[in-house]
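Novice: model the structure of this input:
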Amino acid sequence: MNFSNITWLDDHGHIKPPLFLYLMLVFLARGWCIFIASLTQFNDRASLVRLFYPEKGDFILALIAGVGAVLIYGLIIAERKRSWPILIPLFKRSRWFLWILLIIDGLFLFQRMMHDDFLFKLGYSIDALFLFWSIIYVFKSKRLYYYFADWTESNPAEQVETPSNNDDGLK
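Specialist: Numbers count the residues shown, from 1 in each chain. Predicted coordinates:
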């Protein structure tokens, strides 16, 4: 059988994280991305932050909301390396953590719109659109559901031994 058309499995047969999951985590942790990018400017570090977050409180709230996205990204790295099996229960609940982060980001978007008296801004509309598509994706994606259910504790009895290269099969 040829399984070359199955692109969302890695070499070990585990489901790869979806690309949209990474985009969603960058979106949720955008405050941290802007903070890290502002550290690279030597002359005026606050100007880049003020460009995206004119209100200092909004930037602080974005950093607080982004902590969860950074933690989920850490869980994804642990899953890809299959290290620290103690994190398996947290990883399996990551879909619920995503829901909570999306709700928090929606509330913070509403608060930012309240600061500007609900005037239309392109940044708010892009945030709302991406938030809308993220909610639909977390709600409907089977691949995301299967991905968060994929990391299980491996039993030594389930592991299949492969013959070594120097073994001819003769005894």
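
Novice: ok, the residue nearest to the spatial centre of the chain to Ala37 distance?
Specialist: Centrality entry for the chain: nearest residue to the mean C-alpha point is Leu25, 3.5 Å, by CA atoms, centre = their mean. Between Leu25 and Ala37 the distance is 16 Å, computed by CB to CB, to the nearest Å. Any C-beta I mention is one placed from the backbone N, CA and C, and that applies to glycine too.

Novice: same question, His115
Specialist: Separation of His115 from Ala37 (CB to CB) stands at 23 Å.

Novice: likewise Asp127?
Specialist: Here Asp127 is placed at a distance of 18 Å from Ala37 (CB to CB).

Novice: okay, those two: which has more neighbours?
Specialist: A count of neighbours by other CB atoms under 10 Å puts Asp127 above the other of Asp127 and Ala37, at 19 against 13.

Novice: which element is the closest residue to that one other than its chain neighbours on?
Specialist: Residue nearest to Asp127 in three dimensions, not counting chain neighbours: Leu109, with 5.4 Å by CB to CB, 6 or more residues apart in numbering. Leu109 belongs to helix 94-115 when assigned by DSSP states H and E.

Novice: contacts for that helix?
Specialist: Here helix 94-115 makes contact (CB atoms under 8 Å, 6 or more residues apart in numbering) with 24, 28, 55, 58, 61-62, 65, 68-69, 71-72, 75-76, 124, 127-128, 131, 134-135, 138, 144-145, 148.

Novice: buried residues in that helix?
Specialist: Under the neighbour-count criterion of 16 or more other CB atoms under 10 Å, helix 94-115 has 94-95, 97-98, 101-102, 104-106, 108-109, 112-113 buried.

Novice: among those, find the lowest-pLDDT one for me.
Specialist: Least confident entry in the buried residues of helix 94-115, by pLDDT: Arg112, with 85.

Novice: would you mind measuring from that one to Leu122?
Specialist: Noted for Arg112: a distance of 13 Å to Leu122, by CB to CB.

Novice: name the residues of stretch 61-68 that are buried.
Specialist: Across stretch 61-68, burial judged by 16+ other CB under 10 Å covers 61-63, 65-66, 68.

Novice: so for that stretch, mean pLDDT?
Specialist: Stretch 61-68 comes out at a mean pLDDT of 90.

Novice: may I have it as CSV, with CA atoms only?
Specialist: Taking Å, rounded to 0.1, in the frame of the first residue of the first chain, the C-alpha atoms of stretch 61-68 are listed here in CSV:
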residue,chain,number,x,y,z
LEU,A,61,-3.5,42.8,28.5
ALA,A,62,-2.1,41.4,25.2
LEU,A,63,1.0,40.1,27.1
ILE,A,64,-1.2,38.5,29.7
ALA,A,65,-3.4,36.9,27.1
GLY,A,66,-0.4,35.7,25.2
VAL,A,67,1.1,33.8,28.1
GLY,A,68,-1.4,30.9,27.4
